[in-house]
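Asker: Curious how this folds, go ahead:
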Amino acid sequence: MNLIIMRHGQSITNSRQYAKDDGQNILTKNGIDGVIDSARRFRSANPEYHFDVSFASPIARAVQTHFNFLSVMGNKAIDTNFMDGFKERRLAEEFVELEDFKKDIGIDMLDQWEYDMNIVPTSSWGKGESLNEVYDRVTETFQEFVVPELRSGKRILITSHYYVCKALIAHLVYKDRQYMTHVEAKNAHPFPINYK
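Answerer: Below is the predicted model:
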């Protein structure tokens, strides 16, 4: 395996708590513990494995996950590239809590947005992103920045968010964007891929 994709650990909003903005949506204690446990299990199963370069969303919960994972598994010092293209799917143009977003657009629209590749929700906070838009943004970032590193023989860690991980798995494993609606991305769970 030369590529590991990992979603951030449990965050404040994953645990149904309130965060005023994305900067406050950091990992919970359970989230940090989950990342530490995941890193220990990964190291135990792969005692000689080291990453050569890494990519991460610049959002706090992904950054926390990223560095905790690398540190606990005892990885050598490597370059980390923070990529806006690996940020989470936008609910709206401004930060909005999921519960407030649900109330504003309605549960039926939220369900459609979750599974319809083309739906772009519009709320009091502006427009969000469709699954197609996320897929395109993520795969373009992957092709431009990650693929050259993989082709040069490097082992790579990508730490990001739910929809980003779903887009990468759909692209790399299933070769079909429609699989974004079917795959899961669990918190702090390394997903290994042999990229060729």
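Asker: low-confidence ranges in the protein?
Answerer: Along the chain, segments meeting pLDDT under 70 span 13-24.
Asker: can you give me the helices for it?
Answerer: For the chain, the helices defined by DSSP state H occupy 29-45, 60-72, 98-105, 107-115, 131-141, 147-151, 162-169.
Asker: could I have the second one exported to CSV, CA atoms only?
Answerer: C-alpha atoms of helix 60-72 as CSV (Å, rounded to 0.1, in the frame of the first residue of the first chain):
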residue,chain,number,x,y,z
ALA,A,60,-8.4,22.2,12.5
ARG,A,61,-10.0,18.8,13.1
ALA,A,62,-8.1,17.3,10.1
VAL,A,63,-4.8,18.9,11.2
GLN,A,64,-5.2,17.6,14.7
THR,A,65,-5.9,14.1,13.4
HIS,A,66,-3.0,14.3,10.9
PHE,A,67,-0.3,15.2,13.4
ASN,A,68,-1.6,13.0,16.2
PHE,A,69,-1.6,10.0,13.9
LEU,A,70,1.9,10.6,12.5
SER,A,71,3.3,11.4,15.9
VAL,A,72,1.9,8.4,17.7
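Asker: For it, what is the distance to the chain centroid?
Answerer: 12 Å (CA atoms, centre = their mean, to the nearest Å).
Asker: contacting residues around it?
Answerer: Contacts with helix 60-72, where a contact means CB atoms under 8 Å, 6 or more residues apart in numbering, come from 6-9, 11, 22-23, 25-27, 31-32, 35-36, 38-40, 42-43, 51, 54, 56-57, 78, 80, 82, 86, 157, 159-161, 188, 190. In short, each C-beta sits where N, CA and C put it, glycine included.
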